[in-house]
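>>> Test case, fold it:
(one chain, ligands or ions: 1)
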Amino acid sequence: MLTVSNLTKAYNGHIALTVPELHLAAGIHYFRGGNGSGKTTFFRTVAGLLPFSGEIVLDNNYEITQNPIDYRMRVNYAEAEPLYPSFLTARDLVAFVGKAKQSPAGQVDALGELLGVDAFWTKPTGQFSSGMLKKLSLLLAFLGTPRLILLDEPLTTLDVATTERLFTYVRQLRDEQHVSFLLTSHQDVSLTGLSITSVWQVSSGVITQSEL
Ligand SMILES: Nc1ncnc2c1ncn2[C@@H]1O[C@H](COP(=O)(O)OP(=O)(O)OP(=O)(O)O)[C@@H](O)[C@H]1O
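Reported below is the predicted structural model:
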């Protein structure tokens, strides 16, 4: 599903991440590691948000820098700590991202109801609680027809009822549409009830395979 080769990511000349070779099959992959180990850097790089050197290929077909549009149409990302321009509402952001991701008819309203964003569609995001921001960022990450969704700390600040609905939906996307997921969490991932395909430990910018 995803192949990473010869990846190096540096901030201001300081290397934060090196991934010589990483192959992820279709499924749900869990990345864990201490604060500052490189998890978000890896996710933001795979999401196409950071410049880096190396190669990232989705489904043996879409290389992130050679096929940037095809790649980005298929890879979605929910930030650990989402931030949006404070004057925009959830509706504004969903309309913008939904158009870019070619969201199918009815998807926005169904996801709004599933994640409870429909309770605050018209409120400016500057007035959101942290849980409301998290719900909106998750909704945005499901828009369109992604093949891979990166969920960076989806459990933080999310209420219990929404967490249950979220992971039921993740299971459904995996089982019925073969969508893959990369997940980070400082919480116990068994709380998600997901069967995890593989576990990876991130330490000082190096990723190694691990076990639950
Ligand atoms: N924008 C940035 N500029 C410079 N250095 C950065 C930047 N973002 C992250 N780093 C550095 O890169 C390293 C990895 O950070 P990263 O955010 O990827 O860690 P993380 O594993 O996601 O941590 P956490 O669990 O705390 O979220 C850290 O040393 C951090 O200081």
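
>>> thought Gly126 was touching Ser86?
Yes: using CB atoms under 8 Å, Gly126 is in contact with Ser86, at 2.7 Å. In this view, the C-beta of every residue, glycine as well, is placed from N, C-alpha and C.

>>> Is Met73 in a helix, a strand, or coil?
Here Met73 is recorded as helix under DSSP: H, G, I helix; E, B strand; the rest coil.

>>> Neighbours of it, how many?
Each residue near Met73 was counted by other CB atoms under 10 Å, and the total is 17.

>>> now do Gly205
Gly205 has 20 nearby residues by other CB under 10 Å.

>>> please renumber so the chain begins at 22
OK, 22 is where the count begins now, so the last one is Gly226.

>>> What's the per-residue pLDDT of it here?
For Gly226, the pLDDT comes out at 98.

>>> Contacts only, for it.
With contacts defined as CB atoms under 8 Å, 6 or more residues apart in numbering, the neighbours of Gly226 are Lys30, Ile36, Ala37, Leu38, Thr39, Ser58, Gly59, Thr62.

>>> So which of the residues you listed are in helices?
Secondary structure from DSSP state H places Thr62 of the contacts of Gly226 in helices.

>>> now the strands for the chain?
Taking DSSP state E as the test, the strands found in the chain are 23-32, 35-45, 49-53, 74-79, 83-84, 96-99, 169-173, 201-205, 219-224, 227-231.

>>> could those strands go into JSON lines alongside mean neighbour count?
Output for these, formatted as JSON lines (neighbours: other CB atoms under 10 Å):
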{"stretch": "strand 23-32", "mean neighbour count": "16"}
{"stretch": "strand 35-45", "mean neighbour count": "16"}
{"stretch": "strand 49-53", "mean neighbour count": "21"}
{"stretch": "strand 74-79", "mean neighbour count": "17"}
{"stretch": "strand 83-84", "mean neighbour count": "17"}
{"stretch": "strand 96-99", "mean neighbour count": "22"}
{"stretch": "strand 169-173", "mean neighbour count": "24"}
{"stretch": "strand 201-205", "mean neighbour count": "24"}
{"stretch": "strand 219-224", "mean neighbour count": "17"}
{"stretch": "strand 227-231", "mean neighbour count": "14"}
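
>>> can you tell me which of those comes nearest to Gly137?
When the strands of the chain are compared by CB to CB, strand 96-99 sits nearest Gly137, at 15.2 Å.

>>> Spell out for me which residue occupies the centre of this protein.
Geometric centre of the chain, nearest residue: Leu171, 2.1 Å, by CA atoms, centre = their mean.

>>> correct me, but that residue touches Leu161?
No: contact criterion CB under 8 Å: Leu171 and Leu161 do not qualify, at 12.0 Å.

>>> what's the spacing between the nearest residue to Asp130 once chain neighbours are set aside and the ligand?
Distances taken as CB to CB, 6 or more residues apart in numbering place Asp139 nearest to Asp130, at 7.4 Å, with adjacent residues excluded. Asp139 sits 29 Å away from the ligand, going by CB to the nearest ligand atom, to the nearest Å.
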